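Student: Quick one, fold the following:
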Amino acid sequence: MVRVPRRLATLVVLLPLFASGATAAEELSNESCLACHAIEGFAGPSGRALVVEAEAFDASVHGALPCTSCHADVIAIPHEEKPKHVGPMACSACHGDVVATYLKSIHGQATATGTTDAATCTSCHGTAHAIKKATDPASPVYPLTLPRTCGVCHGDPELAMRHGIPVVNAYQLYMDSIHGRALTKSGLLVAANCSSCHGFHDVRRGSDPESRVHRANIPSTCGTCHAGVAGAYSEGVHGQAFTKGNRHAPICIDCHTTHQIARVDTDPWKLQIVSECGSCHRESLRTYRDTFHGQVTALGFTPVARCSDCHGSHRVFAASDSRSSVAPEHLIATCQKCHPRANENFVQFSPHADPENREKNPFLYFVTLSMNFLIVGVFVFFGLHTALWLARSLLERQSSAPKRDQG
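Tutor: You can find the predicted model right below:
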């Protein structure tokens with residue numbers, strides 16, 4: 001059997017097309033295009049691979065469309081190696097609204113400035129000839145696969161530093177988080193992925209007020225999944241302060257972080273959250289550390305009361321508010337969660353007593369002052385006693401030395 005060279009075979013296939021004068025775009029069928037582009041190893045004059053897998057294209061969302069829908073510049077066979085209109089603008093012919101949204105995003109703006117490694121349509125959805133529906137498990141933007149797709153860029157520290165992206169390795173941090181583990185280990189499609197927080201085509205900088213991850217929008221973004229928590233937060237003092245415009249009031253990411261969100265029932269989380277609360281409530285942290293509870297947590301043990309055990313976590317109220325778990329009428333019930341025998345006398349204990357505050361804690365202030373005087377006095381007394389005893393010992397040694405020499 002005689003093997004025909006690939007280029008010669010291509011020419012043989014195209015001869016009927018040339019003979020019939022197929023020059024108008026509307027006359028070019030997909031079969032005409034695939035006559036060349038489906039040939040294994042087919043490449044242009046520059047050596048650039050131009051193969052289209054016919055089966056993959058037929059199974060894609062574009063399989064029913066003519067090639068010229070995207071490659072509108074192709075009006076005759078043969079044609080130039082690379083048509084002019086490819087990329088997002090070619091997609092806009094059908095997906096105008098989506099492309100308009102994309103162009104306003106951080107990726108679209110970067111592409112418009114000539115950045116060559118910014119994400120485009122095919123970066124996320126795959127090659128134009130094999131794009132699958134987002135609900136297809138084989139699609140790069142299927143929920144279980146999306147983090148890996150985003151991680152191609154956002155798992156590259158060099159790319160992050162080159163473009164000034166704040167989180168250098170967002171992909172790995174996410175994969176180690178409770179969301180990432182729920183998605184990859186448990187296969188939960190409802191677990192938050194990149195698009196749940198950042199959006200799809202309208203990804204914007206965190207500093208952009210329109211961004212879903214702008215500080216002003218984060219509670220509502222997290223609330224799309226954690227509706228119950230968002231409701232409780234909005235009732236508490238933190239949520240109320242934030243709603244009134246105090247952007248320094250704590251929000252979700254201040255306590256839970258952004259990509260590296262951990263389970264709240266782990267020991268590292270329980271120990272870390274005390275310091276996190278203390279980043280705002282410094283005096284409360286200082287006085288808490290002086291108590292038994294605080295000293296035990298400082299040693300790395302967790303089975304003691306921490307901030308949220310007494311004050312609550314998301315639904316936090318001022319102690320003067322009757323809804324607060326540390327309001328006088330609720331103190332016994334709150335303490336009884338750990339101390340079943342707690343009573344009126346038990347709750348007289350102050351978990352934030354300040355021995356340096358004479359006005360609020362006069363008794364503790366004077367007791368502490370007395371103890372400090374006592375400790376100083378003991379050290380002074382015994383220090384002086386030791387010094388005098390040493391001096392006497394040296395004198396006795398000196399006075400007894402001649403007698404031993406005479407003997």
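Student: For the rest of this, base every contact and every neighbour count on C-alpha atoms.
Tutor: Will do.
Student: Phi first, then psi, for Ala43.
Tutor: For Ala43, the backbone dihedrals (degrees, to the nearest 10) come out as phi -150, psi 160.
Student: which ones are touching it?
Tutor: Going by Cα atoms under 8 Å, 6 or more residues apart in numbering, Ala43 touches 49-51.
Student: pull the helix or strand with minimum mean pLDDT from this protein.
Tutor: Lowest mean confidence among the helices and strands of the chain (mean pLDDT, DSSP states H and E): helix 6-20, at a mean of 44.
Student: Which helix or strand lies directly C-terminal to it?
Tutor: Counting by DSSP states H and E, the element after helix 6-20 in chain order, helix or strand, is helix 30-37.
Student: Tell me which other helices or strands that following helix touches.
Tutor: For helix 30-37, the elements it packs on are helix 6-20, judged by 3 or more Cα pairs under 8 Å, 6 or more residues apart in numbering; DSSP states H and E.
Student: thinking Thr120 is in contact with Gln109, fair?
Tutor: No. If you go by Cα atoms under 8 Å, Thr120 and Gln109 don't touch, sitting 10.7 Å apart.
Student: out of these two, which sits in the more crowded spot?
Tutor: Using other Cα atoms under 10 Å as the criterion, Thr120 and Gln109 rank with Thr120 on top: 20 against 15.
Student: one step back: just the buried residues of the contacts of Ala43.
Tutor: In these, burial by neighbour count holds for 50-51, counting by 16 or more other Cα atoms under 10 Å.
Student: Pull the number of nearby residues for the residue lying closest to Asp267 once chain neighbours are set aside.
Tutor: Leaving aside its chain neighbours, Asp267 sits nearest to Thr302 (6.4 Å; criterion: Cα to Cα, 6 or more residues apart in numbering). Thr302 has 17 neighbours, counted by other Cα under 10 Å.
Student: I'd like the distance between Phe381 and Val99.
Tutor: Per Cα to Cα, to the nearest Å, Phe381 is found 83 Å from Val99.
Student: just Asp136 next, same as before
Tutor: Asp136 is 22 Å from Val99, where distance means Cα to Cα.
Student: Show me what stretch 174-190 is in contact with.
Tutor: 143-144, 191-193, 259-263.
Student: Mark which of the residues you listed are buried, thanks.
Tutor: Judged by 16+ other Cα under 10 Å, buried ones among the contacts of stretch 174-190: 143-144, 191-193, 259-262.
Student: The residues you listed in helices, which ones?
Tutor: Counting by DSSP state H, those place none of their members in helices.
Student: So Asp136 and Val99 - more neighbours on which side?
Tutor: Under the criterion of other Cα under 10 Å, the comparison of Asp136 against Val99 puts Val99 first, with 22 against 12.
Student: What residues does the more buried one make contact with?
Tutor: By Cα under 8 Å, 6+ apart, Val99 lies in contact with 88-89, 91-92, 201.
Student: Throw the residues you listed into TSV and include neighbour count, pLDDT and secondary structure, thanks.
Tutor: Listed next are the contacts of Val99 as TSV, based on neighbours: other Cα atoms under 10 Å; pLDDT from 0 to 100; DSSP: H, G, I helix; E, B strand; the rest coil:
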residue	neighbour count	pLDDT	secondary structure
Pro88	20	71	helix
Met89	16	72	helix
Cys91	18	86	helix
Ser92	14	86	coil
His201	21	94	coil
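Student: Can I get those in JSON lines including distance to Asp58?
Tutor: Formatted as JSON lines, the contacts of Val99 follow (distance: Cα to Cα, whole Å):
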{"residue": "Pro88", "distance to Asp58": "21"}
{"residue": "Met89", "distance to Asp58": "23"}
{"residue": "Cys91", "distance to Asp58": "18"}
{"residue": "Ser92", "distance to Asp58": "21"}
{"residue": "His201", "distance to Asp58": "25"}
